[in-house]
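Asker: pasting a predicted model and its sequence here:
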Amino acid sequence: MRLLVTGGAGFIGSTFVRRRLDATDDSVIVLDKLTYAGDLANLAEVAERPDAATRYRFVEGDIADAPLVAELVREVDAVVSFAAESHVDRSILEPTAFLVTGVMGVHALLEAVRVAQGGRRKSAVRLLQVSTDEVYGPVAAGLAPETHPVRPTSPYSAAKASGDLLVQAYRETYGLDTVITRGANTYGPAQHPEKLVPLFITNALQDLPLPMYGDGTQVRDWLYVDDHADAVSVVLDRGSPGTIYNVPGDGSEQSNRAVTEAILAALGKPWSLVREVPDRPGHDRRYALDGSRLRDLGWMPTVAFEDGIDRTVRWYVEHESRWRSTQGAGWADYYERQYAWRLERSVPS
């Protein structure tokens, strides 16, 4: 297939591009705005492939740029959209950007696909929307199936839920070939240091405080990035039109506290680095996904949490220059806004 991958220079998107090119004969156009979370270094391996000239092209741009998106969609058989502002904490500080990308950007993609489908095509353009388990809101007990009510509690998850609803509406109204994936908390090498796992690894490597929200008993199902990327490929190839697929982790739910313990143990660092800081507003206590629908397509996670954390820690230890470069010029200002006042009110954990 010819694929358009939006957000393909980001953490999960670039992993998908690399693994897809390795596993198939597809060609890929990557569209990425190259904000702080998009990094061409994530695609360096792809750009250096012997067949890159015929199978890979990078376009810098915004999915909310309707004319650009329409032009690119006309060239492809399917669109895989990872493009999103990526962090709940940032959505609380600056919600507008999340709405522009998560709602207007998704709308631009859907319109481009609708117009392409109405043109002289032998087959429809499939659109795969990569979403998140956070659209379900907190799951107090059990596992959330794809029919679970959508109850987002942050600007980030509200934007993602809005995009999902637009995708479903275009499916019903215009008959588009759409599928949606909703992934668990994803971690792995080369993730931007804003997220819990890379933040705590990079802070611990520098013997800086680890700002743990509240008592750290928030529970998540953790999904290794390679498994997430492969699940998206399975849904792209085999998913039923109009269907949502949850993408769970290995099933071993971990609290933020337990994740922190695993990171410190892997690095040989003391628990005294951990500071309990004021929690973020609307912090959901637990997410948990029912992945039986995706298992029916033949996908299962292959990387256990313990192994994934070890691989991830090892990458950050061995690639200090890389993760320092991803923090970028705006990192100090963001960190100050997000954590300085919290650390002033922190207590030992």
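Answerer: Ah, there it is.
Asker: how close does Glu344 sit to Arg280?
Answerer: 16 Å (C-beta to C-beta, to the nearest Å). In short, each C-beta sits where N, CA and C put it, glycine included.
Asker: how about the helices in the stretch 101-250 of the chain?
Answerer: Here the stretch 101-250 of the chain has its helices, by DSSP state H, counting those that start in this stretch, at 106-118, 155-174, 196-205, 225-238.
Asker: what mean pLDDT does the second one have?
Answerer: Pointing back at helix 155-174 there. What helix 155-174 shows for mean pLDDT is 96.
Asker: got it, and the last one?
Answerer: Averaging pLDDT along helix 225-238 gives 98.
Asker: can you point out the buried residues in it?
Answerer: Burial within helix 225-238, assessed by neighbour count using 16 or more other C-beta atoms under 10 Å, is assigned to 225-236.
Asker: contacts only, for the residue lying closest to Arg19 once chain neighbours are set aside.
Answerer: Distance criterion C-beta to C-beta, 6 or more residues apart in numbering; nearest residue to Arg19, sequence neighbours excluded, is Ala229 at 5.1 Å. The contact partners of Ala229, taken as C-beta atoms under 8 Å, 6 or more residues apart in numbering, are 12, 15-16, 19-20.
Asker: tell me the pLDDT at the spatially closest residue to Asp284 that is not a sequence neighbour?
Answerer: Leaving out its chain neighbours, the residue that sits closest to Asp284 by C-beta to C-beta, 6+ apart is Pro138, at 4.0 Å. With respect to pLDDT, Pro138 scores 96.
Asker: sketch out the low-pLDDT regions of the stretch 51-200 of the chain for me.
Answerer: Applying pLDDT under 70 to the stretch 51-200 of the chain flags residues 119-122.
Asker: can you pull out the strands in it?
Answerer: Ranges of strands in the stretch 51-200 of the chain, per DSSP state E, counting those that start in this stretch, are 56-60, 78-81, 126-132, 177-183, 185-187.
Asker: which one, of those strands, ends up nearest to Asp307?
Answerer: Asp307 lies closest, by C-beta to C-beta, to one member of those: strand 185-187, at 11.9 Å.
Asker: flag every buried residue along the closest one.
Answerer: Neighbour-count burial for strand 185-187 [16+ other C-beta under 10 Å]: 185-187.
Asker: how about residues contacting that strand?
Answerer: 11-12, 133, 195, 197-198, 220-225, 228, 249, 287, 308-309, 312.
Asker: ditto for stretch 325-335
Answerer: 36, 39, 41, 90, 93, 190, 192-194.
Asker: buried only: go through those for me.
Answerer: Among those, those classed as buried by 16+ other C-beta under 10 Å are 36, 39, 90, 190, 192-194.
Asker: now those as CSV including distance to Arg322?
Answerer: Below are these laid out as CSV (distance: C-beta to C-beta, whole Å):
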residue, distance to Arg322
Tyr36, 15
Asp39, 9
Arg90, 21
Ala190, 7
His192, 11
Pro193, 11
Glu194, 15
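Asker: what's the farthest-apart pair in those?
Answerer: Maximum distance among the buried ones among the contacts of stretch 325-335 (C-beta to C-beta): 18.5 Å, for Arg90 and Ala190.
Asker: out of Glu344 and Arg280, which sits in the busier spot?
Answerer: Using other C-beta atoms under 10 Å as the criterion, Glu344 and Arg280 rank with Arg280 on top: 14 against 9.
Asker: element containing that one?
Answerer: Using DSSP states H and E, Arg280 sits in no helix or strand.
Asker: and it, how far from Trp331?
Answerer: For Arg280, the distance to Trp331 - C-beta to C-beta - is 18 Å.
Asker: separate out the buried members of the contacts of strand 185-187.
Answerer: Here, 16+ other C-beta under 10 Å leaves 11-12, 133, 195, 197-198, 220-225, 228, 249, 287, 308-309, 312 buried among the contacts of strand 185-187.
Asker: hang on, the earlier thing: quick one: which of the buried residues of helix 225-238 is nearest Gly105?
Answerer: Using C-beta to C-beta, these come closest to Gly105 at Val232, 18.0 Å.
Asker: so that closest one is in contact with Gln129, correct?
Answerer: No: with contact defined as C-beta atoms under 8 Å, Val232 does not count as touching Gln129 (10.3 Å).
Asker: which neighbours do the two have in common?
Answerer: Contact criterion C-beta under 8 Å, 6+ apart; residues shared by Val232 and Gln129: Thr181.
Asker: mind exporting the C-alpha coordinates of stretch 161-173 to CSV?
Answerer: Output in CSV follows, covering the C-alpha atoms of stretch 161-173 (Å, rounded to 0.1, in the frame of the first residue of the first chain):
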residue,chain,number,x,y,z
ALA,A,161,-12.6,11.8,22.1
SER,A,162,-13.9,14.6,19.8
GLY,A,163,-11.7,13.3,17.0
ASP,A,164,-12.9,9.8,17.5
LEU,A,165,-16.5,11.0,17.4
LEU,A,166,-15.9,12.9,14.2
VAL,A,167,-14.3,9.8,12.6
GLN,A,168,-17.4,7.7,13.6
ALA,A,169,-19.8,10.4,12.3
TYR,A,170,-18.0,10.5,8.9
ARG,A,171,-18.2,6.8,8.7
GLU,A,172,-22.0,6.8,9.3
THR,A,173,-22.7,9.9,7.2
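Asker: run a quick neighbour tally on the nearest residue to Lys33 once chain neighbours are set aside.
Answerer: Nearest residue to Lys33, sequence neighbours excluded (C-beta to C-beta, 6+ apart): Asp62, at 4.9 Å. Asp62 is flanked by 20 other residues according to other C-beta under 10 Å.
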